[in-house]
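Asker: Mind looking at a prediction? Sequence and model below.
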Amino acid sequence: MAYDMSNILHVICLAKVFSYDKIFVFLKGVDYMKRKSFKIMTTIMMILFFCFAADKEAFAKEATITNGVYIEDLDVSGLTAEEAQKAVENLMDEWKEREITLQIQGESVTVTAEELGLSWSNAQIAEEAVSLGKETNIVKRYKTLKDLSKNPQVYSIDLAVDKEALTNIINEKCVPFNKEAVDAALTREGGTFQIVDGEEGHVIDVNASVDKIMNYITSEWDRQDAGIGLELTVEEPRGTREELEKVKDVLGKFSTSYKTSGKARSANVANGARLINGTLLYPGDSFSAYEAVSPFTEANGYYMAGSYLNGMVVDSLGGGICQVSTTLYNAVLRAELEVTERSNHSMIVTYVDPAADAAIAGTYKDFKFTNNKDYPIYIEGYTTSDKNLTFAIYGLEDRPSNREVSYVSETLSTTNPGPDQIKADTSQGIGYVDIQAAHTGYVAKLYKVVKENGVEVSREEVNKSSYKASPRYCTVGVNTADPNAYNAIMGAINTGNIDIVKSTAAAYANTTQDAAVQAAAQAAANQAILDAQAAAAAQAQAEAEAAAAEAQAAAEAQAAAEAQAGQSPDAQAAEGAQ
């Protein structure tokens, strides 16, 4: 039986019992002896087997990676598992410095692979590489090493990316490059509409972009600097020329006057109209008057002017803006758009009928409506030199020509303002008098009246509004070093008569006047007080007599009604008390 000495030599070396050169000399003798006896050959093989078994512990301590083993492009031959893993970590540190450029429609964001949370997920390959070619079966081990000498074993590194870190990078650094679609718009100049074409937009699809980048890094990346285009969603603009060319009919129009307004309030009204003018609403779009005209700051064109607050008129930035929202409200009603939010003022206003107003107050009172048409609408707002405010709403008129819409206000009840309220102000000197007008309280309803061919076909309640009554308020300055002046003005205040207060304040406005003038003023004030008291007494007497007469008439009418109905006065009173 013939034996290949080189093969036997390989097998013995695999056992790591003797060095290659020493065993070679030994086996040369074996090659000679094989010609003598097969038995001798068998004995040698058994000796080698027992030597291998005895040396297993030494083998385990010297476990290194066999020649011909790579991890990616890294030659790990002769390394222990720990050394191989360290070598891979060093390689990973190099890769983490690679720049990855995220591309967004001409814009880009560059980050490092480390910022993406680059890591490797198969560290066990170092142990696998060590075990390669160290099978217990000597024949198998020999075959493995023989194969490695011809075809090296290459392990791949399984890369991973931190999904949360990648998502945050896209949201924080890339999403700001989103370009929203710009809808086609309308402008109106010289009574003519001009169409402004829209612009296409693009928005990053964050989830799809994350998946794309993770797949690229883990499956396609060549470990060099790279660029990746993010996944985008194209947004088409709303509005076509054909659609916008139909916006030409006046659907609703309304005007109010602010001729009695001062310079600051007039400026606020004009500013509010300017901010709303040119608004285009597509079908289903909603409009908030507050959002359109806020913030109420000087930078946004507003001045201090009167507004309602807790039953008083106080100065605030943007005072008068409610006339803007009210005028728009009435135009919207006539265009028959869908009103989704509207509040009346706390007190009555004079520029529209009761229940026809729409107040704005902070964020808790707003005027909102929705374009419920099948086509766009355009809002035009403007003021004139004679202080008239107008809003016109344009669209496509599709309502019958024989149909007419109007709005009617009905007052259900009124409440008198009550007696004047006079307040002494020690921070103001004598002569200062500030008067706020009284407001009658109202409860009113607004109705929508529809006529066809001039004949009323429907009357629908639009809203019911309640307005608080507020007395005439007078704030009077009483700060003076002159006791006579102080006593005089306080006496006038105690009359409860604002006219007396005004005349007394005027008389004592100059506390440096001579004694004669002061005496005359005091006498006039005293006489005014006496006259006021007498007038008040006479008025009280007249009111008492009138009340008595009215009560008598009511009692007689009640008695007649009870007699007719067959009820007793006691029964009627009990029902009334309920």
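Answerer: Now that the structure is in, tell me what you want to look at.

Asker: residue boundaries of the helices in the stretch 151-300 of the chain?
Answerer: Assigned by DSSP state H, counting those that start in this stretch, the helices in the stretch 151-300 of the chain fall at 163-169, 206-215, 241-244, 263-276, 289-293.

Asker: Name the surrounding residues that touch the shortest one.
Answerer: In other words, helix 241-244. Ala184, Leu186, Phe193, Ile195, Asp197, Tyr375, Pro376 (CB atoms under 8 Å, 6 or more residues apart in numbering). Quick note: C-beta positions are derived from backbone N, CA and C, even for glycine.

Asker: redo that, cut-off 6 Å
Answerer: Applying CB atoms under 6 Å, 6 or more residues apart in numbering, the contact partners of helix 241-244 are Leu186, Ile195.

Asker: mean confidence score for it?
Answerer: What helix 241-244 shows for mean pLDDT is 94.

Asker: and what of stretch 301-308?
Answerer: Mean predicted confidence for stretch 301-308 is 92.

Asker: what's the offset of it from the middle of its chain?
Answerer: 26 Å (CA atoms, centre = their mean, to the nearest Å).

Asker: go on, stretch 307-316?
Answerer: On CA atoms, centre = their mean, the centre of stretch 307-316 falls 29 Å from the chain's centre.

Asker: again, but for stretch 456-463
Answerer: Centre-to-centre, stretch 456-463 and its host chain are 37 Å apart (CA atoms, centre = their mean).

Asker: quick one: contacts of that stretch?
Answerer: By CB under 6 Å, 6+ apart, the list of residues contacting stretch 456-463 from outside reads Ala355, Lys445, Leu446, Tyr447, Lys448, Val449, Val450.

Asker: buried set for that stretch?
Answerer: Val462, Asn463 (16 or more other CB atoms under 10 Å).

Asker: Surely Gly311 is in contact with Ser470?
Answerer: Yes. With contacts counted by CB atoms under 6 Å, Gly311 reaches Ser470, the gap being 4.8 Å.

Asker: Take the helices of the stretch 151-300 of the chain and lay them out in TSV including distance to Ala63.
Answerer: Converted to TSV, the helices of the stretch 151-300 of the chain look like this (distance: least, CB to CB, whole Å):
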stretch	distance to Ala63
helix 163-169	36
helix 206-215	35
helix 241-244	78
helix 263-276	80
helix 289-293	73
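
Asker: quick one, which of these is nearest to Leu337?
Answerer: Nearest to Leu337 among the helices of the stretch 151-300 of the chain is helix 289-293 (12.9 Å), distances taken as CB to CB.

Asker: if we can go back for a sec, can you put the helices of the stretch 151-300 of the chain in a markdown table and add mean neighbour count and distance to Thr390?
Answerer: Below are these laid out as a markdown table (neighbours: other CB atoms under 10 Å; distance: least, CB to CB, whole Å):
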| stretch | mean neighbour count | distance to Thr390 |
| --- | --- | --- |
| helix 163-169 | 16 | 51 |
| helix 206-215 | 16 | 46 |
| helix 241-244 | 14 | 22 |
| helix 263-276 | 20 | 8 |
| helix 289-293 | 20 | 16 |
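
Asker: which one of those lies closest to Arg399?
Answerer: In terms of CB to CB, the element of the helices of the stretch 151-300 of the chain nearest to Arg399 is helix 241-244, at 19.0 Å.

Asker: For the closest one, list the C-alpha coordinates in CSV.
Answerer: Taking Å, rounded to 0.1, in the frame of the first residue of the first chain, the C-alpha atoms of helix 241-244 are listed here in CSV:
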residue,chain,number,x,y,z
ARG,A,241,-56.4,79.4,-15.2
GLU,A,242,-59.7,77.9,-16.4
GLU,A,243,-60.9,77.7,-12.8
LEU,A,244,-59.8,81.2,-11.8
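
Asker: what's Ser427 sitting at in phi/psi?
Answerer: Backbone dihedrals for Ser427, given as degrees, to the nearest 10, come out at phi -80, psi -10.

Asker: hang on, the earlier thing: specify which residue of Gly311 and Ser470 has the higher count of neighbours.
Answerer: Ser470 (24 against 14; other CB atoms under 10 Å).

Asker: For that one, which residues are in contact?
Answerer: Gly311, Met347, Pro417, His439.

Asker: 8 Å - rerun?
Answerer: Gly311, Met312, Met347, Pro417, Ala438, His439, Gly441.

Asker: separation between the nearest residue to it once chain neighbours are set aside and Met214?
Answerer: Spatial nearest neighbour of Ser470, chain neighbours left out: His439 (4.1 Å); criterion: CB to CB, 6 or more residues apart in numbering. Remark: distance between His439 and Met214 (CB to CB, to the nearest Å) = 68 Å.

Asker: for Gly429, same thing?
Answerer: From Gly429 to Met214 the distance is 78 Å (CB to CB).

Asker: pretty sure the residue nearest to Ser470 contacts Asn416?
Answerer: No. Look at His439 against Asn416 with CB atoms under 8 Å: they stay out of range, at 10.3 Å.

Asker: More neighbours: these two, which one.
Answerer: In this view His439 and Asn416 are compared by other CB under 10 Å, and His439 has more residues nearby, 23 against 10.

Asker: how about the helices in the stretch 351-500 of the chain?
Answerer: Under the criterion DSSP H, counting those that start in this stretch, helices of the stretch 351-500 of the chain are mapped to 483-495, 498-507.

Asker: winner for burial among these?
Answerer: Of those, the one with the most neighbours on average (mean count of other CB atoms under 10 Å) is helix 498-507, at a mean of 20.
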